[in-house]
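J.: With the sequence up front, the predicted model follows.
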Amino acid sequence: MIALLACTLAAGCAAGGQSSATTTLTLWARSDESAFISTVVKAFNQSHSSIHIKLTIIPVNNFVQKFGIAVAGRSGPDLASIDVAYMPLFAESGVLSDLTTRAHQLSYFDQFDRSHINNSTYRGRLYGLPFSGDASVLFYNTQLFRAAGLNPNQPPKTWAQIEVDARRVTASGNGRTGFYFSGDCGGCTAFTFLPYIWASGGNILSGTPADQRPTLEQPRVAAALRFYRTLWVHHLVPAASQSDSGTTQFTPFESGKVAMFATGGFGVQTLQQDAPHLQMAATPLPGEQGGSASFAGGDAIAIAKSSHHQQAAWQFVAWVTSAAVQQRYFGNVGVIPIQRDVAFRDYAPRNRIYRLLANALYTGKAVYSVQENALINDPTGPWVTMIDDAVFAGHIQSAITQAQSSMSSILSRG
């Protein structure tokens, strides 16, 4: 992908057409945003007579390749909503417009969450603005906790407590299990497993993009893999976890048979829609001995460097990141607003889960690497392979050694 995107694009053909009266801009968004993005675009089109946004939804697993090929060939959209994990890749590749000057002129720039800003920055320049917020937390079924004799007002705060609670729920019978995760999904496990490592003082990468190296041989990584391995060996996780690539990640928890499952703000919408009678609460993802961490995710909004309509595209960026829009079309439908004041004034007070998610976003972090897709999201890459070999096969140390070597090789490509 890096080789494909390495060229710096000059101004080229814009994807959208325009009439003498209206500028048409194309916007690509991941399918993860289907629940709210159409409403956002419709609202913009109704309030802007001279600019029309044409929305295309791209399946989440195809977005990086499809967008990368399109922008490298100057046939991509004017605007793109990009997972923050992929922003360093596209910023480094020279296919996105530099928004630094205009972004810092926004009166609300200091309100943006830092994780989005950090991941949209490359060599001191800003190539995207926060668009939608998300953060990982641990959801739990309060009804199953009660049935197992656990106090739902005292959720687990260490790995040992998660294991104890998972054992209690599993032992209560009736097909119940204590925990679930998508074991064959790189993005899912980065979002929900990495925070256990971070909260325990570990990490998987160090350095800047120019000299980045993997740190999988840190003790905390092995400890986290042993934690998941224990849950698996003692049958506290359904067997379906091993082959779940993320497509059915919500199903076990929605069934009411799984006690604990980590997901984010977008998961709240899915759970409320698909399992409205599910009794649930949420708590931070803990470290081995306490503390907590979260993967601060969501999307950034970026302008393709090849777009002929830079100013019109910026109008959409400024509009969609404004406080009023973030409150009405994001916070009001359960998506964490990417302005701090909006998130804590209008979103967080609605319920305890929203407050937890807001805190998690504004204290969380994301993986920053121009090779994130190859390192983590690739279903045959080192991260997914390590989890499979360590958690499900039990080869923890050899899995770490191999992943360390594979990641080092990928990062050496630049």
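T.: Now that the structure is in, tell me what you want to look at.

J.: So what's the gap between stretch 40-57 and the chain middle?
T.: 25 Å (Cα atoms, centre = their mean, to the nearest Å).

J.: What of stretch 70-82?
T.: Chain-centre distance of stretch 70-82: 21 Å, with Cα atoms, centre = their mean.

J.: quick check: mean pLDDT across that stretch?
T.: On average, the pLDDT along stretch 70-82 is 93.

J.: Just the buried positions in it, please.
T.: Of the residues in stretch 70-82, A70, V71, A72, R74, G76, P77, D78, L79, A80, S81, I82 count as buried by neighbour count, 16 or more other Cβ atoms under 10 Å. From N, CA and C alone the C-beta is placed, and that goes for glycine too.

J.: Hmm, the first one is touching G76, no?
T.: To tie it back to what came earlier, the one meant is A70. Yes - using Cβ atoms under 8 Å, A70 is in contact with G76, at 3.5 Å.

J.: rewinding a little: so which of the buried residues of stretch 70-82 belong to helices?
T.: With helices defined by DSSP state H, the entries of those inside them are A70, V71, A72.

J.: Now distance to S243 too, for the buried residues of stretch 70-82, in CSV please.
T.: CSV is the format used below for those (distance: Cβ to Cβ, whole Å):
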residue, distance to S243
A70, 31
V71, 33
A72, 33
R74, 39
G76, 34
P77, 34
D78, 39
L79, 36
A80, 31
S81, 29
I82, 28
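
J.: Spatially, which two of those residues are the most separated?
T.: R74 and S81 (19.7 Å; Cβ to Cβ).

J.: K42 - how many residues pack around it?
T.: Using other Cβ atoms under 10 Å, K42 has 13 other residues around it.

J.: roughly how far apart are it and L27?
T.: Here K42 is placed at a distance of 12 Å from L27 (Cβ to Cβ, to the nearest Å).

J.: Kindly report the same for D299.
T.: Distance check for D299 against L27: by Cβ to Cβ, it reads 11 Å.

J.: Look at the two and report which has more neighbours.
T.: Using other Cβ under 10 Å, the more surrounded residue of D299 and L27 is D299, with 27 against 24.

J.: Name the SS class of the more buried one, please.
T.: What DSSP: H, G, I helix; E, B strand; the rest coil gives for D299 is strand.

J.: Tell me where the stretch 1-150 of the chain has strands.
T.: Listed in chain order, the strands of the stretch 1-150 of the chain (DSSP state E, counting those that start in this stretch) span 23-30, 51-58, 79-83, 121-122, 125-126, 129-135, 137-141.

J.: what's the angle between the second one and strand 79-83?
T.: For strand 51-58 against strand 79-83, the angle between stretch directions is 40 degrees (axes from the mean of the first three to the mean of the last three Cα atoms, to 10 degrees).

J.: Would you mind splitting this structure into its domains for me?
T.: Per automatic domain parsing, the structural domains of the chain span 15-134+297-363, 137-293+380-411.

J.: Determine how far the last residue of the last one lies from the first.
T.: Put plainly, it is domain 137-293+380-411. Terminal residues of domain 137-293+380-411 are spaced 29 Å apart (Cα to Cα, to the nearest Å).

J.: Kindly report the same for stretch 127-145.
T.: By Cα to Cα, the extent of stretch 127-145 from end to end equals 45 Å.

J.: And I53, how far from P77?
T.: In terms of Cβ to Cβ, I53 sits 10 Å off from P77.

J.: between those two, what contacts are shared?
T.: Counting by Cβ atoms under 8 Å, 6 or more residues apart in numbering, the residues touching both I53 and P77 are L25, T26, L27.
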